[in-house]
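>>> quick one, structure for this:
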Amino acid sequence: MSVIILGIESSCDDTSAAVIRDGILLSNVIASQKVHEEYGGVVPELASRAHQQNIVPVVDAALKRAGVDKCSLSAIAFTRGPGLLGSLLVGTSFAKGLSLGLRVPIVDVNHLHGHVLSHFIRKNENDEVPEYPFLCMLISGGNSQLILVRGYDDMEVLGQTIDDAAGEAFDKCAKVIGLPYPGGPHIDRLAAEGDPSRFKFAKPHIQGLDYSFSGLKTSFLYTLRDAVKKNPDFIEQNRNDLAASLQRTIIDILLGKLRKAVKQTGVRTVAIGGGVSANSGVRQAVADYCASVGLKAFIPERAFTTDNAAMVAIAGYYKYLSGDFCPYDAAPYARVMV
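Residues are numbered from 1 along each chain as shown. Alright, predicted model coming up:
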């Protein structure tokens, strides 16, 4: 009998539902929220209200696209955290209610685990997936971590940011030079037309495998402040080069720690995940590095880099096979480490 998992993701500002049958992805529907753009960031209250509006039609669309009747579901997987509590409550409550109505178990998924396991999403039986152990560089707007993955339920954080995440550095610096939210994709686009060696920004000297991006943000801001005093049109005249130089600096910081982690662990497979892994420069830099030292690189489809329910469904699929179910009194959580 087939194992069919409905995945639900509502940790931030994307409402998503996906269906997986025996490990194969059948559908992945995402409803993004445009309401936050004018505020320059996600407004939690607006996000939770939008989730309430979106979740029923999104789940319905996912089931229809998959050609699956809700009564055929084996279990419902949902993101329990970390994330915005109001947003998480919508997905958690919906999953619990639907599972009670269908009399199927629920499986809670750690959002960060989902990003790591996104590499196991398969559209076809012969799609390649990583072999354990592998090293995953998880980089997003809220997290930057290096994780040694020994199994779906055995992950060790080797290093993480001590202040800001890589994605936050992209977004905050983008805002300073007049780019709309989210700034990461705009930096990526402008960087392709700029000179990455034009400007030099501060790089942290943090021991071990931990990251830091707050100093880079400060350096970027001070560079602009001093330059604009001399030339009010500095940003407009140098926006492409600023974007390219910022992107190069962030990539250098990320790759420096990745090289060190590979050397320490001796792993032969490297994967990246999270929203920042959609960045063209990051993807190319990781691919080039792995090719140069003979490592196997797993670069996710861009559709699976941002928040999506397919990663929740595949993580829930493995937990279901192990009989690792969630009690109904489990509450969502805002913060947690892998």
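
>>> using PDB, write down the CA coordinates of the helix or strand harbouring K217.
Following DSSP states H and E, one finds K217 within helix 214-230. Provided in PDB are the C-alpha atoms of helix 214-230 (Å, rounded to 0.1, in the frame of the first residue of the first chain):
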ATOM      1  CA  SER A 214      27.100  42.200  11.300                       C
ATOM      2  CA  GLY A 215      30.500  43.700  10.700                       C
ATOM      3  CA  LEU A 216      30.000  43.400   7.000                       C
ATOM      4  CA  LYS A 217      26.700  45.300   7.200                       C
ATOM      5  CA  THR A 218      28.400  48.000   9.200                       C
ATOM      6  CA  SER A 219      31.300  48.300   6.800                       C
ATOM      7  CA  PHE A 220      28.900  48.500   3.900                       C
ATOM      8  CA  LEU A 221      26.900  51.300   5.600                       C
ATOM      9  CA  TYR A 222      30.000  53.300   6.500                       C
ATOM     10  CA  THR A 223      31.400  53.000   3.000                       C
ATOM     11  CA  LEU A 224      28.200  54.500   1.600                       C
ATOM     12  CA  ARG A 225      28.000  57.200   4.200                       C
ATOM     13  CA  ASP A 226      31.500  58.500   3.500                       C
ATOM     14  CA  ALA A 227      31.100  58.200  -0.300                       C
ATOM     15  CA  VAL A 228      27.700  60.000  -0.400                       C
ATOM     16  CA  LYS A 229      29.200  62.900   1.600                       C
ATOM     17  CA  LYS A 230      31.600  63.500  -1.300                       C
END
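
>>> need the next SSE after it, C-terminal direction.
Assigned by DSSP H and E, the successor of helix 214-230 is helix 234-265.

>>> just the C-alphas of the helix or strand just after that next one, formatted as CSV.
Next helix or strand after helix 234-265 toward the C-terminus (DSSP H and E): strand 269-273. Extracted C-alpha coordinates of strand 269-273, given in CSV (Å, rounded to 0.1, in the frame of the first residue of the first chain):
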residue,chain,number,x,y,z
THR,A,269,29.6,15.3,-0.5
VAL,A,270,28.5,18.9,-0.1
ALA,A,271,24.9,20.3,-0.3
ILE,A,272,23.5,23.8,0.1
GLY,A,273,20.0,24.8,1.1
